[in-house]
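In: predicted model, plus sequence, below.
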Amino acid sequence: RYNAFDDMGSELSFSLALLDDFKNGFVVSSIYGREDTITYGKEVKNGTSKIPLSTEEMLVIDRAIKGENI
């Protein structure tokens, strides 16, 4: 969980990585804003994505690979 925008309170945005033992799967992110909430997914192959990843998405992929839970 994190704040997607500096001027917003509460940590209402999140990124979640679901990967198999081969580092393949997907990352889902939900960005909470004052007017909209956007949820999207990105395919992950071998621990990375063809689609640019945010800092938060890279962090959760790294944690998933290491087997860390938050």
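Out: Received the coordinates, thanks. Numbers count the residues shown, from 1 in each chain.
In: hey, let's count contacts and neighbours off CA atoms from now on
Out: Fine.
In: element containing the closest residue in space to Asn46 that isn't next to it in sequence?
Out: By the measure of Cα to Cα, 6 or more residues apart in numbering, the closest residue to Asn46 outside its immediate chain neighbours is Lys23, 4.7 Å from it. Lys23 belongs to no helix or strand when elements are defined using DSSP states H and E.
In: same thing with Met58?
Out: helix 55-66.
In: quick one: average confidence on that helix?
Out: Across helix 55-66, pLDDT averages out at 94.
In: for this protein, which spans come out with low pLDDT?
Out: Per-residue confidence for the chain (pLDDT under 70) gives these ranges: 1-11, 34, 70.
In: report all helices and strands that the strand or helix carrying Glu43 contacts.
Out: Counting by DSSP H and E, the element that carries Glu43 is strand 37-44. For strand 37-44, the elements it packs on are strand 25-32, judged by 3 or more Cα pairs under 8 Å, 6 or more residues apart in numbering; DSSP states H and E.
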